[in-house]
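>>> This is a predicted model, with the sequence first.
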Amino acid sequence: MAIQDEMYRLIVEELDRTVEAKKEKVKVDIDKAKEVAKLLTSLSTDRGEAASLVNQYIAQIKQICH
């Protein structure tokens with residue numbers, strides 16, 4: 001869990017820096033982007049679960065982004 005938390009923190013920091021520097025290329029709902037980052041950092045590293053998890057997360061990301 002600590003690795004996932006650190007990955008999430010780094011993604012959120014990068015998102016925040018990008019917004020603060022006004023470097024974003026498209027309009028982004030930063031809260032939704034952070035929610036997606038949280039999902040991505042919770043992906044399992046078990047190969048047996050990878051395909052199933054990717055499909056689940058794609059479906060969740062689509063819901064978040066609509």
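Everything's here; your move.
>>> does residue 27 count as helix, strand or coil?
With DSSP: H, G, I helix; E, B strand; the rest coil as the basis, the three-state label of residue 27 is coil.
>>> pLDDT wise, what is it at?
Note for residue 27: predicted pLDDT of 72.
>>> what does residue 18 give?
At residue 18, pLDDT is 82.
>>> Could you do residue 50 as well?
Residue 50 carries a pLDDT value of 67.
>>> where are the low-confidence patches of the chain?
Scanning the chain for pLDDT under 70 picks out 1, 24, 26, 42-50, 66.
>>> Please enumerate the helices of it.
2-20, 30-41, 47-64 (DSSP state H).
>>> got a list of contacts for the shortest one?
When you say that, I think you mean helix 30-41. Contacts of helix 30-41 with the rest of the structure, by Cβ atoms under 8 Å, 6 or more residues apart in numbering, involve 4-5, 7-8, 11-12, 15-16, 19, 57, 60-61, 64-65. From N, CA and C alone the C-beta is placed, and that goes for glycine too.
>>> Okay, buried residues for it please.
Buried residues in helix 30-41, counted by 16 or more other Cβ atoms under 10 Å: 33, 35, 36, 37, 38, 39, 41.
>>> got a markdown table for those residues, with distance to residue 51 too?
Listed next are the buried residues of helix 30-41 as a markdown table, based on distance: Cβ to Cβ, whole Å:
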| residue | distance to residue 51 |
| --- | --- |
| 33 | 25 |
| 35 | 22 |
| 36 | 19 |
| 37 | 21 |
| 38 | 21 |
| 39 | 16 |
| 41 | 19 |
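>>> how much space between residue 41 and residue 31?
In this structure, residue 41 and residue 31 are 16 Å apart, going by Cβ to Cβ, to the nearest Å.
>>> With that, I have no additional questions.
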